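[1] Mind looking at a prediction? Sequence and model below.
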Amino acid sequence: MTRKLKKGGYTAILSVIVIAVVIVINMIVNRLPQNLRQWDISSNQIYTVGDTTKELVNALDKDVKIYIVADPTRVDERITGFVNRYAALSSHIKVETVDSVLHPEQVKSLEAEDNSVLVVCEAADKKETISLAEFIKYDEASYYYYGQSKETEFDGEGKLTSAISHVTNDVQKTVYVTEGHGENALGETVTDMLGKSGLTSINVNLLTEGSIPEDCQLLLINGPQTDLADDEKTMITDYLNNGGNAVIIAGYSDKARENLNSILNEYGLNLEIGLAADTKSAYQNNPFYIFPTIKSGNEITNGIDAKGAALVIQSGAMTETTEVPEGVTVTPFMETTDGGLLVTENEQIEGTYLLGAASEKTLDSGTSRLTVFTTPTLIEESLNQTFSNLTNLDIFMNAVTANYDDVVNVSIPSKSLEVTYNTVTHGGMWGLLFILVIPAVTLGAGLTIWLKRRRL
């Protein structure tokens, strides 16, 4: 046998061994659970299950069955793959595909809808249906104007986690939202997130109703353009003094709102006249576009990603009163840096200003709670869609659910499938690094190597 033939034989045998090893490894990998063999490399971690879902699922004490009811050949693999990830999280969750074409009788027995995901908890005798069309959202304007379907968001985790929470719990609450002062309407995203946590919003005009509804556990005032009437001030004060809870998103005003501010004063807070600015933590060096300092150690900021950022625009400013009333505890959770400014028509006053705070008052019969934000843009639809990585909505939902003993924030926003804009909290520093420092170091290293090689 020649040397070449012998060498070729060894190569052929080695190739066969490598191919066999690859086949065996593939067979082993295919046996692994889907969550282990599929990695989420999407920019927004679209198909990754978050901590909120894991906490909910790990706490389950009832069995949940998830049925994918459709023709399996026509179901988006992203949906199927994502649903199956839930089965790997808990032994209480089982996933089953029901072929609506081959087994219509099973669909009928389940009282399910075709092209849907059915979440069932037999122990609670509850079920919830999610249409497959709700998982992936499309830009309707794009189809209308250009005849092309453009995917915009994936809402798999939000829909599934909310459905599991609903079928395993009996909690259903109402948030009363005031109107009559030019308040901002709640956006679709916020309304959807409230619903995911079992909260329904109902508009109420206190003047026409004559009182706050008796079943109100939370009153929300979102960006009033005018001050409250005297009667409204009395209603809200009495409501809070009887153990009620309120969230006020005050907004900026260049005029005093005495009735609104007097309510805040009773809880140790004071609305300043003027705009808040921050010279040390601004978006694109615009001091009125503020990245607030998020203070940890309270229930509103618990679970907020430390690497994330909130963004507020055209915000009002707030301070603690000189003397906090007896029995009141003020907990700031969002504020400017020490480079903060209060900007009025005539002056700029330096200082650290509150952008969000929660106050509790101890009453004879319990406690009442007032949570105040200084800017409606915190929950503005367009802002949170443009910067989908902001923590604005998480902070808002934590502030809302903190008013209920039996409501957990499982409101997970849908994740963008579009281009995500990076939110850089210190643009000047990073700009200097990438525009000057790194190119200079690279150029210097290149010149050094070139000079050394030239001398050789």
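    That came through, no problem. Residues are numbered from 1 along each chain as shown.
[2] Need the per-residue pLDDT for Gln314.
    pLDDT recorded at Gln314 is 91.
[3] scratch that, Ile46
    On the pLDDT scale, Ile46 gets 68.
[4] which stretches of this structure aren't confidently modelled?
    Residue ranges of the chain with pLDDT under 70: 1-10, 29-47, 140-147, 306, 418-432, 434, 455-456.
[5] mind giving me the domain split of it?
    For the chain, automatic domain parsing gives the domain ranges 3-31, 51-163, 172-416, 428-456.
[6] Which parts of the stretch 351-456 of the chain are strands?
    Secondary structure of the stretch 351-456 of the chain (DSSP state E, counting those that start in this stretch): strands at 354-363, 366-373, 415-416.
[7] Could you do the stretch 201-350 of the chain as well?
    Going by DSSP E, counting those that start in this stretch, the stretch 201-350 of the chain shows strands at 219-222, 245-249, 269-278, 282-283, 286-290, 293-294, 312-313, 316-320, 328-335, 340-343, 348-350.
[8] For Ile449, which of these is the nearest?
    Nearest of the strands of the stretch 201-350 of the chain to Ile449, taken as C-beta to C-beta: strand 282-283 at 39.2 Å. Heads up, the C-betas are built off the backbone N, CA and C, glycines and all.
[9] Sheet partners, orientation included, of the closest one?
    Take DSSP bridges as the rule and strand 282-283 pairs in its sheet with strand 286-290 (antiparallel).
[10] buried residues in the strand it pairs with?
    Burial within strand 286-290, assessed by neighbour count using 16 or more other C-beta atoms under 10 Å, is assigned to Pro287, Phe288, Tyr289, Ile290.
[11] Kindly export that strand (C-alpha atoms) in PDB.
    Below are the C-alpha coordinates for strand 286-290, written out as PDB (Å, rounded to 0.1, in the frame of the first residue of the first chain):
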ATOM      1  CA  ASN A 286     -31.100  68.600  26.500                       C
ATOM      2  CA  PRO A 287     -31.600  69.400  30.200                       C
ATOM      3  CA  PHE A 288     -35.400  69.100  29.900                       C
ATOM      4  CA  TYR A 289     -35.100  65.500  28.700                       C
ATOM      5  CA  ILE A 290     -34.100  63.900  32.000                       C
END
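[12] what residues does it touch?
    Strand 286-290 is contacted from outside by 275-279, 281-283, 311-315, 336, 341, 343, 355, using C-beta atoms under 8 Å, 6 or more residues apart in numbering.
[13] Can you flag the buried ones in these?
    275-279, 281-283, 311-313, 315, 336, 341, 355.
[14] which pair in the residues you listed spans the largest distance?
    Of all pairs in these, the most separated under C-beta to C-beta is Leu311 and Leu341 at 17.4 Å.
[15] Save the buried residues of strand 286-290 as a markdown table, and put in distance to Thr97 too.
    A markdown table is the format used below for the buried residues of strand 286-290 (distance: C-beta to C-beta, whole Å):
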| residue | distance to Thr97 |
| --- | --- |
| Pro287 | 54 |
| Phe288 | 52 |
| Tyr289 | 47 |
| Ile290 | 48 |
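[16] Kindly indicate which of these lies nearest Ile202.
    Of the buried residues of strand 286-290, the one sitting nearest to Ile202 (C-beta to C-beta) turns out to be Ile290, at 31.9 Å.
[17] do you know how far that closest one is from Val400?
    22 Å (C-beta to C-beta, to the nearest Å).
[18] Val24 too?
    53 Å.
[19] who's more crowded, the two?
    Val400 (25 against 10; other C-beta atoms under 10 Å).
[20] List the contacts of the more buried one.
    Val175, Leu194, Ser197, Leu199, Leu218, Leu220, Val247, Asn409.
[21] Show the contacting residues for the last one.
    The contact partners of Asn409, by C-beta under 8 Å, 6+ apart, come to Thr52, Ser197, Gly303, Asp394, Met397, Asn398, Val400, Thr401.
[22] Among these, the buried ones, what's the ChimeraX command?
    Listed next is the ChimeraX selection for buried residues among the contacts of Asn409, using 16+ other C-beta under 10 Å:
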select :52,197,394,397,398,400,401
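[23] Just the contacts of Asn409: which are in helices?
    Among these, the residues falling in helices (DSSP state H) are Thr52, Asp394, Met397, Asn398, Val400, Thr401.
[24] Out of the residues you listed, which is nearest to Thr448?
    The closest of the ones in helices among the contacts of Asn409, once distances to Thr448 are taken by C-beta to C-beta, is Asp394, at 47.8 Å.
[25] I figured the closest one hits Thr301, correct?
    No - assessed by C-beta atoms under 8 Å, Asp394 is found out of contact with Thr301, at 9.1 Å.
[26] measure the residue nearest to Leu341 when sequence neighbours are not counted to Leu342 for me?
    Once flanking residues are discounted, Leu341 sits nearest to Ala277: 4.2 Å by C-beta to C-beta, 6 or more residues apart in numbering. Distance, Ala277 to Leu342, by C-beta to C-beta: 8 Å.
[27] before we move on, what about Phe288?
    Phe288 is 12 Å from Leu342, by C-beta to C-beta.
[28] got it, and Glu350?
    Taking C-beta to C-beta, one finds Glu350 at 8 Å from Leu342.
[29] again with Ser90
    For Ser90 relative to Leu342 (C-beta to C-beta), the value is 50 Å.
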